[in-house]
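A.B. asks: Next come a sequence and a model predicted from it.
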Amino acid sequence: MGWSWPIRRMALGRVLLFWRRWPMAFRAACCLLAVPLLLADWIPLPSDELAHVTPALILPHVGHSFFFDLKQLGIEGPSDREGTSALVLREDGRELLPGQTHAAIATQSGGRCSHWGHHLFFSSSDQSDPRANGKVYSLTLPHRLGERLDGLLAWLPPALAKPAFWGLLVLLLGLSPAVTAGLDYWRYRSVPWLLVLAGATGAWWLLAVNRINVATLGGKLSYLGALLGLVFLLLLQLFGQFRASRVASLQRLSAAARVYGWALHTGLMVALLFLLFEAGARLVPVFDAYAVNPGSRYFWPEWYQPRNSLGYHDREPSAKRGPRVLLLGDSFTEGAGVRSHERFSARLEQIWREKQPGLEVFAGACCGFDTLDEAELLEKTGDRLGPDLVVVCYVLNDAERDSPQYTPSPAARWLNQALLQKFPSYLFYRMRAVRQTTNWAEIEANVRRQHQPESPGWKYVQDGLDRIARWCDERNVARAFVALPLFVTEAQNYRVQMEQAVIAARQRGFEAFSLLDAFDGRWGDFALSRYELHPSAEAHSRIARFIADRVRVPEMRFRLPQSNGVD
């Protein structure tokens, strides 16, 4: 035999030694691969400098908000309307706050911005006019490792095209006892888990894309099918766990292997239960006015439509053919939760056109506006519209400016972003809406406090009314004021505050009315849903009829003040 046998025996020994140690090497490789996959969305790559925004491109919007057209800069891409925009707007090199609501940009300023469609809405950090404050505004497009990996995975379905998904699978595979536990583990644990995971991934994708119309019977049947499928997956998971508990070889696994199995089983159960309740919540959609509701794209699509050149959620004004009426207000006037033809501005126009065919009514309104914001909107856009009657539509939360506001913790903000913007979750929204709209005692206390004569909010209301009255006087424009109730059973409790607002308006020359008694004491029946206090389509119809009955049909009155050089 000579030297051949020891050599062969040594080679075989090395192979056997490697075979016994390969699970550890395999696990280490899986962990090293999983880390960059899991963190891909946070690993930065060099950014692209896209453009500098010159003052000539910036246009005023509403309140403290300005905007510019990205098409003029040759920039296109997904916006916050479709998901999350990747564009970053910088002010003197400092990144502004992205993904903000348009109401927050207009009213709170503070360097907020939003990429919406082909426009970018923003406010300066110090409430100054970005066209004249001397600050440099630039657009950059940051890149991260996840984008590059997304491109490599683009051929996969959306639910499987995320690097974090594959990173989690690689990590679970590397840590899995299936690497060393043998065939029984694959048969009774790994294979059932993989089947359940595949089914749960498909259900997650169906719910996450949010492309099923929850308002139709077909949409409800689709979610019912998802619900039944998740019930089946849940039963399969429980059955697989039961079978595994009766296999003797699996009971002799190490403590680490048993902990791994328990953790994976528990995680899958929690995920399935969440998806199960999510599908159930979508079977009974909530029709309301909050744009964060994932169903709003179906029952309030106007929220996703671009505003006109004046910043109104209304049609573009053409050449003036008759008297014009401008309604100033917040989400009530904007028609939150109802279609544009159901808003009281549209219904009022129909009623008045029977007497004045060329009359037009425009809704200069935005969610979150107060009386001071409405005054600013009138001063910026009124001369371009040329209204002959301005109607201030007052809601009791108009006096909340500078009132203490609840500031969510970083964890709460992350949860809101993850489950309202990223996923989005009906279940989480419903729980959030119930919590925010059931504490009426606190809401009533806030309204009373905000309407105290010396409160900052009430002073802002008076300041706004003064500015609106002054603008109308300078242009010979008629003005009216209507106080709208909160559409809750307890609306009667706010009578004093509504009358306070009416008196303040009359003192400033407004033709002023309260609509509290226009609903036969059944305010809660006219709410859009039991989760909130916005008016329903029927309530809008009553509001329009009330205004038409009490406010005179306007005549052509508007004229520019002499200071503008126009008679």
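C.D. replies: Perfect, I can see it now. Residues are numbered from 1 along each chain as shown.

A.B. asks: make it CA atoms for all contacts and neighbour counts henceforth
C.D. replies: Will do.

A.B. asks: any idea which helix or strand carries the spatially closest residue to Ser47 that is not a sequence neighbour?
C.D. replies: Nearest residue to Ser47, sequence neighbours excluded (CA to CA, 6 or more residues apart in numbering): Pro142, at 4.2 Å. Using DSSP states H and E, Pro142 sits within strand 137-144.

A.B. asks: the longest strand in the chain is where?
C.D. replies: What stands out as the longest strand in the chain, according to DSSP state E, is strand 44-53.

A.B. asks: quick one: the helix or strand following that one to chain centroid distance?
C.D. replies: Counting by DSSP H and E, the next helix or strand C-terminal to strand 44-53 is strand 59-60. Mean-position distance between strand 59-60 and its chain equals 23 Å (CA atoms, centre = their mean, to the nearest Å).

A.B. asks: Could you list the paired strands of strand 59-60 along with their orientation?
C.D. replies: Sheet pairing of strand 59-60 (DSSP bridges) gives strand 66-69 (antiparallel).

A.B. asks: which stretches of the stretch 201-350 of the chain form strands?
C.D. replies: Listed in chain order, the strands found in the stretch 201-350 of the chain under DSSP state E, counting those that start in this stretch are 324-329.

A.B. asks: same thing with the stretch 1-150 of the chain?
C.D. replies: Assigned strands in the stretch 1-150 of the chain, in chain order: 44-53, 59-60, 66-69, 88-91, 94-95, 113-116, 119-122, 137-144 (criterion: DSSP E, counting those that start in this stretch).

A.B. asks: I'd like the ones you listed as CSV, with mean neighbour count appended.
C.D. replies: Shown next, in CSV, are these (neighbours: other CA atoms under 10 Å):
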stretch, mean neighbour count
strand 44-53, 14
strand 59-60, 18
strand 66-69, 20
strand 88-91, 20
strand 94-95, 15
strand 113-116, 26
strand 119-122, 24
strand 137-144, 18
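
A.B. asks: With Arg475 as the reference, name the closest of those.
C.D. replies: Closest approach to Arg475 among the strands of the stretch 1-150 of the chain (CA to CA): strand 59-60, 21.9 Å.

A.B. asks: quick one: the longest strand of the chain to strand 137-144, angle?
C.D. replies: On the basis of axes from the mean of the first three to the mean of the last three CA atoms, to 10 degrees, strand 44-53 is oriented at 160 degrees to strand 137-144.

A.B. asks: So in that sheet, which strands flank strand 44-53, and in what orientation?
C.D. replies: strand 137-144 (antiparallel).

A.B. asks: For stretch 541-554, which outside residues touch it?
C.D. replies: 323-325, 342-345, 347-348, 351-352, 355-356, 388-389, 478, 480, 482, 511, 515, 518-519 (CA atoms under 8 Å, 6 or more residues apart in numbering).

A.B. asks: at 7 Å what do you get?
C.D. replies: 323, 344-345, 347-348, 352, 388-389 (CA atoms under 7 Å, 6 or more residues apart in numbering).

A.B. asks: tell me which of these is nearest to Ala504?
C.D. replies: For the contacts of stretch 541-554, the nearest to Ala504 is Leu389 (18.8 Å; CA to CA).

A.B. asks: returning to that earlier point: compare the strands of the stretch 1-150 of the chain and give me the one nearest Glu379.
C.D. replies: Closest approach to Glu379 among these (CA to CA): strand 59-60, 11.6 Å.

A.B. asks: Relative to Gly146, how far out is the closest residue to Leu419 other than its chain neighbours?
C.D. replies: Of all residues not flanking Leu419 in the chain, Ser425 sits nearest, at 5.2 Å (CA to CA, 6+ apart). Using CA to CA, to the nearest Å, Ser425 is found at 24 Å from Gly146.

A.B. asks: Settle it for me: which of those two has more neighbours?
C.D. replies: Using other CA atoms under 10 Å as the criterion, Ser425 and Gly146 rank with Ser425 on top: 26 against 22.

A.B. asks: I'd say the more buried one and Ala418 touch.
C.D. replies: No - applying CA atoms under 7 Å as the test, Ser425 and Ala418 come out as separate, 8.8 Å apart.

A.B. asks: Could you verify my assumption that Phe68 touches Leu57?
C.D. replies: Yes - using CA under 7 Å, Phe68 makes contact with Leu57 at a distance of 5.8 Å.

A.B. asks: Report the central residue of the protein.
C.D. replies: Nearest to the geometric centre of the chain sits Val292, at 3.6 Å (CA atoms, centre = their mean).

A.B. asks: Report the contact partners of that residue.
C.D. replies: Contacts for Val292 (CA under 7 Å, 6+ apart) come out as Leu420.
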